[in-house]
Structures are given as C-alpha cells and as structure tokens.
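*Asks:* okay, structure incoming, though there's no sequence with it:
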C-alpha cells in the first residue's frame, strides 16, 4: 500500500475533521470551547486557564473563545468562590444543547463514513480510537519542548 504512513494519515484525518462543522467556523469554535468545559466537568471549579490547557491555547486565546461562547449563551462565567480574582466557567442549558447537537452530528458523520462497513469493522475502529485517546495524555506530556527533527 502506497501513500502516507499511518501517522501522517492520522494527523491528516484529525486536521480534516477538526475544520468541519455543519454550521460554520463560529459555531465550531463554540463547540470546541464547550467540549473543553465538558471534558473538565467534575472538577470543583473550571477556570479559564484550565480551559486554555484543555484546548492547547494560551490564556488570552481561550479567554476570547470563552467570552464569545458566553455572549452566545453557551457558557456562564462567574467569580471563583475560592479566589475572587479567578473566573470559573460552566455550561449553560444552551451549551448542553449545543453539545447534544454536535454529538448527534458527529455520530451521524461516523455512520455515514462507515455505512458500507461491517459492524465489526466499525467496532474495531471505535475501540482503536479509544485506545489512542487513552495513550495520548502520556505521549503528549512527554512531547512538551520536543522539536521535530529531519531524518
């Protein structure tokens, strides 16, 4: 089989789908920040800095995304109970609805992309992606500061 290696294919796939959303770029950014807040759920407080780390952005970039999503009603920002200088972030009802719609769209895309696959193939890909995600934090923690070198 010729073409890009599996690593290149993985990153091409991620880039391709990270830019797709059925309602445009603004909606995609809202979904992205809502997903980050959702991923951090269960913490006593979710700060803008934690959202920035989850998104892989600097604090100012995340702050802009949070502000935009707040203006649109998807997030609520309040002063921290522990430290009034910090802001905490949570999903609103509209934000949870946005995520439900996004997740339904994601499932529909997966179903459409794999509609001619056997159920076992779909399940295998699903499990393989989950395995990649479970190993991702370990790998990305070790990549901080690493440079890409030429072979």
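*Replies:* Received, thanks. Predicted, not measured: the structure shown is a model, and the values here were computed from it.
*Asks:* and residue 78, backbone torsions?
*Replies:* phi -140, psi 170 (degrees, to the nearest 10).
*Asks:* do the same with residue 58
*Replies:* According to degrees, to the nearest 10, residue 58 has phi -80, psi 170.
*Asks:* now do it against residue 52, distance only.
*Replies:* 6 Å (Cβ to Cβ, to the nearest Å). C-betas here are computed from N, CA, C, even on glycine.
*Asks:* these two: which is more packed in?
*Replies:* residue 52 (19 against 11; other Cβ atoms under 10 Å).
*Asks:* dump the residue contacts of the residue lying closest to the more buried one once chain neighbours are set aside.
*Replies:* Closest residue to residue 52 apart from its sequence neighbours, by Cβ to Cβ, 6 or more residues apart in numbering: residue 62 at 3.5 Å. Residue 62 makes contact with 33, 36, 48-49, 51-52, 55, according to Cβ atoms under 8 Å, 6 or more residues apart in numbering.
*Asks:* which parts of the chain are strands?
*Replies:* In the chain, the strands defined using DSSP state E lie at 75-79, 87-91.
*Asks:* partner strands of the first one and their direction?
*Replies:* Strand pairing for strand 75-79, determined by DSSP bridges: strand 87-91 (antiparallel).
*Asks:* right, so the strands of the chain: which one is the most enclosed?
*Replies:* Mean neighbour count, computed with mean count of other Cβ atoms under 10 Å, is highest for strand 87-91 among the strands of the chain, reaching a mean of 20.
*Asks:* contacts for that one?
*Replies:* By Cβ under 8 Å, 6+ apart, strand 87-91 touches 34, 37-38, 41, 45-48, 51, 66, 74-81, 99.
*Asks:* can you select the buried ones from those in ChimeraX?
*Replies:* Selection of buried members from those for ChimeraX, criterion 16 or more other Cβ atoms under 10 Å:
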select :34,37,38,45,46,47,48,51,66,74,75,76,99
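*Asks:* pull up the distance across stretch 110-117, start to finish.
*Replies:* 11 Å (Cα to Cα, to the nearest Å).
*Asks:* off-centre distance for it?
*Replies:* 22 Å (Cα atoms, centre = their mean, to the nearest Å).
*Asks:* surely residue 34 meets residue 97?
*Replies:* No: contact between residue 34 and residue 97 fails when scored by Cβ atoms under 8 Å: they sit 9.9 Å apart.
*Asks:* cool, thanks, talk later.
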